[in-house]
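S.K.: Here is the input, now give the coordinates:
(2 chains)
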Amino acid sequence: MEIFRALATLAEPPAPEHARLVELLDLPGAPDGPGGVEYAELFLFQLYPYASVYLGDEGKLGGEARDRVAGFWRALGREPPPDPDHLAVLLALYADLCEQEHAERDPARRLLWRNSRQALLWEHLLSWLPPYLDKLAEIASPFYQAWGRLVQESLLTEASELGGLPQVPSSIREPSPLREMAVGDPAAFLDQILAPRRCGMILVRADLIRAASELDVPVRIGERRGVLETLFSQEPLGTLRWLEREALNSASRHRSWRERVGPVADFWAAQAEAAAATLASTVKTMDSLRR
Amino acid sequence: MVDLKRLNERLSAAKSEVEARGETFYPGPSRIHLAAFPPKERWDDWVELDSRSWPKRVEKRYMLVPTTCFNCESACGLLAYVDRDTLQIRKFEGNPEHPGSRGRNCAKGPATLNQITDPDRILHPLRREGPRGSGKWAPVSWDQALDDIAGRIRQAIQEGRPNEVMYHVGRPGEDGFTERVLAAWGVDGHNSHTNVCSSGARAGYHLWMGLDRPSPDHANAQVILLVSSHLEAGHYFNPHAQRILDGKHRGAKLIVLDTRLSNTATHADYWLAPWPGSEAAILLSFARHLIQGRTYNREFVRRWWNWGEYMQKVHPQVTPSFDNFEQLLDSLYAEYTFEFAAGESGVEARTLAEVAQVLSRAGTRLSTHTWRSASAGNLGGWQVARTLFLLNALMGAVATEGGTYPNAWNKFVPRPIHQPPHPKTWNELTWPAEYPLALNEMSFLLPHLLKDGRGKLAVYFTRVYNPVWTNPDGFSWIEVLTNEELVGLHVALTPTWSETAFFADYILPMGHASERHDLHSYEQYDGQWIGFRQPVMRAVRERGGGQVGDTRAVNPGEVWEENEFWIELSWRIDPDGSLGIRQYFESKERPGEKLGIEEYYRYIFENSVPGLTERAAAEGLAPLDYMRRYGAFEIRKQVGSVHEEVVPQAERDDLKIDEWGRAYTRTQPPANPNVVPIPPLEPDSDGRRRVGIEVDGKILRGFPTPSGRLEFYSRVLADWGWGEVAIPTYIRSHIHPANLIAGEMVLISTFRLPVQIHTRSANSKWLDEIAHTNPLWIHPVDARRVAVQSGDLLRVETEIGHFVVKAWVTEGIRPGVVACSHHMGRWKLTDLGQRQAMATVSLDHRGVAWQLQRKQGVHPYPSSDPDTLRIWWTDVGVHQNLTFPVHPDPISGQHCWHQAVRVRRADPGDRPGDIAVDTGKAREVYQKWLGFTRPAHRHSPDATRRPYWLLRPLRPVREAYRLKQPAPAAASPI
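M.R.: Alright, predicted model coming up:
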């Protein structure tokens, strides 16, 4: 499945060789030149393409979520690369597994390769890509939007050809609830907001700038945690209400995936709805304390 | 709906078509992480954003040219980023095509940029004005300097004084290049720094396997055992450290023996901090555990150890069966219990037992390494390497995946265009008869040997070498370097100012990593590679279609590359060819003309590197162009167990097998383009060549040792008077507690700082900013006793003087031991010199009483580099080595660095960096240690100066090995 290798390559910093791939894939326009402005904006500043960011409780690169992906590489008998959970690496691995399956003559071993491919698809790709690709469609440049659509279409085609979801991916079997804000300690609460798995939504820099504009609060553009804190310190209730709306909007977007990815969509929607409820009750508590 | 099937087919077809043309379809290796590199297809025109233009996005275009780092010995690959607009090198990064370093570098690699742009570097040849050491210099032309030097060398050779020409090397350049130059001149004039560095470890390894370096396969090990701080410093540390981490990621356990809490120790699963010098006792307790529990690899020991020879020579009354040997082995090491080792080392017996258990589970995947550390610190330190390798030999972890290989199997030295014959002379100034088993030249004794009247020097080259600063007893060096009777002409070949260069007659500027040619190959994993160092601007000029005749045309100032220098000098020594020298520096393509550097390397790459021609042709390149473009080539991967290779029938003409199973043949050795040094093996009495060893009925290659096997018992040691230490054993160090006087502590002075390398890295501003001083590590218990806190001044008194140093109170060192790092305490006498790391000092002496006092630390100064105005540090540490007398190990010849010292609060008038030394006492210590030797005159079994089998740089003809002089002073046992 060469298409996955080509899509993987396009998730790396732009190089002159990309032009040929873009043409072969009928993608519109081209990724920007060697400076990689659009690439850097999307993958380095807004939407980090690592499974661990979306599947880990902390919403950060690495940790247990990355170890789980690295474990998958080892289970395949491969040395995990330095970034085992990067989207590009996972897509390229998917292409490799397709090739290995097709090259295998022994039917039993062929089935094993097919099962590995299915496990990679659901456990480590489709478990987090629905909300990721939605956000990408929202913020990316036209080129990367088209790339994202092709990634989505290719993976979903694979999913349906492989016969759907064998079981709920282990990484999203258990919910990770958003914990209520402790009185006088908003910091830990705000940390959770930026962990997609906990609050069922992905908040990128662009979202927080939008929040600032909607709440009419000045912020310095910097790391997300700092921006969120600035918003909260100036407009606590307004910020929480804005987050609650975002969570509800996210939940309805996640639900729209239900037909295609079933329980994965349910998980993300449930997380977002639970987060919205927690945010609402936090607003209520804070409001009552104010009075 | 997109037709995915159609897209797939299009992609596959396009990929096949592109790859059929020999091009790459996808743009090289993944570039999403820090280990990403510019794909080699785009090295000619690589585009990055200019960081200085931020936040504007300005594109910068580079040409990427590979070369090899010239800081430590690892020879890691560098990529020079040459600005295509200005043709200046803007930065150095790693070369991903280099099989050893794999694109990764330590801090010293990128800091090459500082070295080439250092405002204080030497750019022109200089000749001294006034007395030697007076600090006055005048420019001189290369022609004048070359004619003067060549004239003196020619005269010495013509007058039968070849031993008065000496070349003394610090950082080696190309494997064997200068040895061949000296051989062509017919002088036994090679002198190295190795006996202040690695001779101890080399001796331990050499005696076991015939080859003097280990090549551990850390990446595939189950257990990694380091008697070193190898994750942060030392030889090959970058290539090895990354493989140690690979091994750890795969689940290997890391065991580190280091008295100090080094950065390496912090990464260990087991850190053992022994009393210095007790390391061999610990290693033998591990060996005993394996032996007593019969958990060693008995089959390997039976097949590959020379136990039969041991039994016949040492226990002739016992039937020489393996069962009997195993019983002897039990008793030989019975005394090395964990409790004994705990008593010697201070490490708890139960910890040793636990670590021994871990070791015993390694199987053949035990990688071990020591290089300097304990082997270089202690009397008998060579037994540290020997007892460490004993563990490999017991486990059968020798030349196995995850085990430790002999270096020569993982190294490739291509046969050069000319190979001159061995010199016919023997130089007593480098190979004195008292040290017949010394692995390398007794370099650090040179001042004493000259003072003894054993010879003198007409022309003495120091080449990227700084003995006044690096060696012990530096004032004795100054005494002989300023004596024009003993040293007629001192030529310092150096890229930077050094304490030794101040006492030269000529300073000739040599190039840094991007300004010189060299060819390297080092054992860094189980494979063989070559790395090519090249003058970067020469490669740039040639890629642009230009021609460069002489590298001075493209280097800064008049900086020359060394190979061209030696060729030119040799022609001037023998301009008409009448001395027989010139022929080795002539072109083969244009007979009678001077050999050019292009031809020299073209010959090697086209004739002596298997597979390179084919690989280059696949890219449409000639071999030399391939090396200029990529900088490295891997010749073989997974060389494997050479000793187990069956000798082919074609090599068995008139095969004879002797009583020890050694196989001899009349077949000439097959042509081998790899000329890596292998010790010569004696032919049989009929002149047949040794070809292998019979093991269980098969003729195998075996090891290049006298017995053909791994030598548990060294007959060489026994035959040359050292029978009591002929098997791996524990020698109590000169700083063993029993040898200390009340109140004395042990000073560890050899450890390195991860970002510095001897003296040359001092001209790297980035490295100097990170590390520029060397306070004395002292444990809180000792600090309380001496009543000092961090920052207070201490006086450290050695056998011959004292130095004044700041205290650093830390629990990272054992009580009773203090430590002071290498690299620091650089000094200069005037403003001339390196100004970022050298203090200005006064140097005075009355007779043998020497004093060095700091007049001024470093400070900001204006220069071509605005950063020199931003220097914020003043303290550059202390030059402790000046206060150390020479301690030559009587067997390996290694200087035993550890010092017995007294540490007390400094006197009121003391200033940091102050030094006082009595060189008269230094002479006494030299003579005392000379008394430990067993000279060849008394102990040689065959009236020769040295076992012919032992490796020796620049080996003379066999006839020169015969003893001629009467016996020197009497010897006494250790």
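
S.K.: Excluding covalently adjacent residues, which one is nearest to residue B:773?
M.R.: residue B:877 (4.1 Å; Cβ to Cβ, 6 or more residues apart in numbering or on different chains). Placement of C-beta: from N, CA and C, glycine included.

S.K.: again with residue A:252
M.R.: Closest to residue A:252 by Cβ to Cβ, 6+ apart is residue A:269, at 7.8 Å.

S.K.: Excluding sequence neighbours, find me the nearest residue to residue A:267.
M.R.: Here the residue nearest residue A:267, using Cβ to Cβ, 6+ apart, is residue A:172, at 4.5 Å.

S.K.: can you pull out the helices in the stretch 701-850 of chain B?
M.R.: B:715-719, B:765-770, B:780-786 (DSSP state H, counting those that start in this stretch).

S.K.: cool, the stretch 151-291 of chain A as well?
M.R.: With DSSP H, counting those that start in this stretch as the criterion, the stretch 151-291 of chain A has helices spanning A:186-193, A:196-199, A:205-215, A:224-234, A:236-255, A:258-261, A:263-290.

S.K.: helices or strands next to the longest one in the packing?
M.R.: Helices and strands in packing contact with helix A:263-290 are listed as helix A:129-139, helix A:196-199, helix A:236-255, helix A:258-261; criterion 3 or more Cβ pairs under 8 Å, 6 or more residues apart in numbering or on different chains; DSSP states H and E.

S.K.: let's go with 6 Å and repeat that
M.R.: helix A:236-255 (3 or more Cβ pairs under 6 Å, 6 or more residues apart in numbering or on different chains; DSSP states H and E).

S.K.: buried sites along the helix it packs on?
M.R.: For helix A:236-255, the neighbour count (16 or more other Cβ atoms under 10 Å in any protein chain shown) marks A:236, A:238-240, A:242-244, A:246-248, A:250-251, A:253-255 as buried.

S.K.: can you tell me the average pLDDT over it?
M.R.: Confidence for helix A:236-255, expressed as mean pLDDT, is 96.

S.K.: helices or strands next to that helix in the packing?
M.R.: helix A:263-290.

S.K.: Direction-wise, compare the helix it packs on with helix A:236-255 and give the angle.
M.R.: Orientation check (axes from the mean of the first three to the mean of the last three Cα atoms, to 10 degrees): helix A:263-290 against helix A:236-255 gives 160 degrees.

S.K.: Quick one: distance of helix A:263-290 to the chain centre.
M.R.: Relative to its parent chain, helix A:263-290 has a centroid offset of 20 Å by Cα atoms, centre = their mean, to the nearest Å.

S.K.: same check, this time on stretch B:470-489
M.R.: For stretch B:470-489, the distance to the chain centre is 24 Å (Cα atoms, centre = their mean).

S.K.: Other residues contacting it?
M.R.: Stretch B:470-489 is contacted from outside by B:132-133, B:152, B:196, B:444, B:447, B:450, B:456-460, B:467-468, B:503, B:505, B:850, B:881-882, B:884-886, B:895, B:917, B:919, B:922, using Cβ atoms under 6 Å, 6 or more residues apart in numbering or on different chains.

S.K.: least trustworthy helix or strand in chain B by mean pLDDT?
M.R.: strand B:46-49 (a mean of 85; mean pLDDT, DSSP states H and E).

S.K.: Can you list the strands that that one pairs with?
M.R.: strand B:59-68 (antiparallel) (DSSP bridges).

S.K.: Name the nearest residue to residue B:516, ignoring sequence neighbours.
M.R.: Nearest one to residue B:516, counting by Cβ to Cβ, 6+ apart, is residue B:561 at 4.0 Å.

S.K.: correct me, but that neighbour touches residue B:511?
M.R.: Yes. Contact criterion Cβ atoms under 6 Å: residue B:561 and residue B:511 qualify, at 5.1 Å.

S.K.: so where's the chain shaky on pLDDT?
M.R.: The chain I'm using is chain A. Low-confidence segments of chain A (pLDDT under 70): A:31-35.

S.K.: actually chain B
M.R.: B:1, B:22, B:28-36, B:965-974.

S.K.: what about 50?
M.R.: Within chain B, the stretches with pLDDT under 50 are B:34-35, B:969-974.

S.K.: how about the residues of the stretch 101-250 of chain A near chain B?
M.R.: Selection of the stretch 101-250 of chain A residues close to chain B by Cβ under 6 Å from any Cβ of the partner chain yields A:153, A:154, A:157.

S.K.: Is it possible to get a markdown table of those residues that adds neighbour count?
M.R.: Output for those, formatted as a markdown table (neighbours: other Cβ atoms under 10 Å in any protein chain shown):
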| residue | neighbour count |
| --- | --- |
| A:153 | 14 |
| A:154 | 21 |
| A:157 | 15 |
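
S.K.: and of the residues you listed, the nearest to residue B:390?
M.R.: Using Cβ to Cβ, residue A:154 comes nearest to residue B:390 of these, at 58.6 Å.

S.K.: Pull the contacting residues for that closest one.
M.R.: Residue A:154 sits in contact with A:3, B:4, where contact means Cβ under 6 Å, 6+ apart.

S.K.: 10 Å instead?
M.R.: Contacts of residue A:154 were listed using Cβ atoms under 10 Å, 6 or more residues apart in numbering or on different chains, and they are A:1, A:3, A:4, A:6, A:7, A:91, A:94, B:2, B:4, B:7, B:8.

S.K.: Now residue B:509, what are its backbone angles?
M.R.: phi -80, psi 120 (degrees, to the nearest 10).

S.K.: burial count for it?
M.R.: When counting by other Cβ atoms under 10 Å in any protein chain shown, one arrives at 24 neighbours for residue B:509.

S.K.: hmm, back to that, so the residue nearest to residue B:516 makes contact with residue B:537?
M.R.: No. Taking contacts as Cβ atoms under 10 Å, residue B:561 lies outside contact range of residue B:537: 11.1 Å.

S.K.: Can you work out which residues contact both of those two?
M.R.: Jointly contacting residue B:561 and residue B:537 under the rule Cβ under 10 Å, 6+ apart are B:515, B:551, B:554, B:555.
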